[in-house]
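Visitor: Sequence first, predicted model second:
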Amino acid sequence: MSGDEFPDPEAVIERGRRYRDRLDEYGENQQKETVTELFTLLGRAYALPVLHLFSMNEGPLRFSDIEDRLDVSPTTLSKRLSELTEAGLLTRRSYDEIPPRVEYEPTDAANGLAPVFIHLYEWASVYDLYGEIGVPNEND
């Protein structure tokens with residue numbers, strides 16, 4: 001798929017319907033529980049922006065790099081990085097240096113989210129939610 005091509009929205013909707021229809025009651029309950037847990041983690045402030053930042057970069061990032069790029073408070077960032085590390089989405093490496101140096105790197109699980117971010121961008125482009133991507137409509 002080239003940068004200017006987007007999936008047909010109707011085809012994506014139909015694929016979702018087919019998936020939903022194949023779930024039995026147990027599968028549906030399991031899916032709800034899994035998705036709820038995932039949304040709880042990813043719905044926290046700055047969780048998705050942190051993961052998106054890693055998907056757009058190669059290699060590890062230092063705490064200060066993430067803090068600067070996302071303009072997030074150190075307290076919030078520290079909590080999110082800790083939660084994402086505990087969930088297995090990031091690895092944390094500290095170096096015995098002065099001043100202390102800590103780097104974070106995405107795991108394979110976090111790298112698996114890259115297509116999700118691409119799909120979200122494509123979806124937003126298809127539906128043009130803000131008039132131009134990232135710029136809210138003046139009428140809002």
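Guide: Nice, I can see it. In this text the structure is predicted, and so the values were computed from the model without any measurement. Residues are numbered from 1 along each chain as shown.

Visitor: Okay, helices next: where are they in the chain?
Guide: 9-22, 25-42, 47-55, 63-70, 74-86, 108-111, 114-127 (DSSP state H).

Visitor: of all those, which lies closest to residue 99?
Guide: In terms of C-beta to C-beta, the element of these nearest to residue 99 is helix 63-70, at 10.1 Å. For every residue, glycine as well, the C-beta is placed using N, CA and C.

Visitor: Let's see the closest one as PDB, backbone CA atoms only.
Guide: Presented in PDB, the C-alpha positions along helix 63-70 are these (Å, rounded to 0.1, in the frame of the first residue of the first chain):
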ATOM      1  CA  PHE A  63      14.000   9.500  30.000                       C
ATOM      2  CA  SER A  64      14.900  13.100  29.200                       C
ATOM      3  CA  ASP A  65      14.500  12.600  25.500                       C
ATOM      4  CA  ILE A  66      10.900  11.300  26.000                       C
ATOM      5  CA  GLU A  67      10.100  14.100  28.500                       C
ATOM      6  CA  ASP A  68      11.300  16.700  26.000                       C
ATOM      7  CA  ARG A  69       9.600  15.300  23.000                       C
ATOM      8  CA  LEU A  70       6.200  14.800  24.600                       C
END
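
Visitor: Going by contacts, tell me the helices and strands next to it.
Guide: The contact analysis (3 or more C-beta pairs under 8 Å, 6 or more residues apart in numbering; DSSP states H and E) places helix 63-70 against helix 47-55, helix 74-86, strand 101-106.

Visitor: ok, now with 10 Å
Guide: helix 47-55, strand 61-62, helix 74-86, strand 101-106 (3 or more C-beta pairs under 10 Å, 6 or more residues apart in numbering; DSSP states H and E).

Visitor: that older thread, most tightly surrounded among the helices of the chain?
Guide: Mean neighbour count (mean count of other C-beta atoms under 10 Å) peaks for helix 47-55 among the helices of the chain, with a mean of 19.
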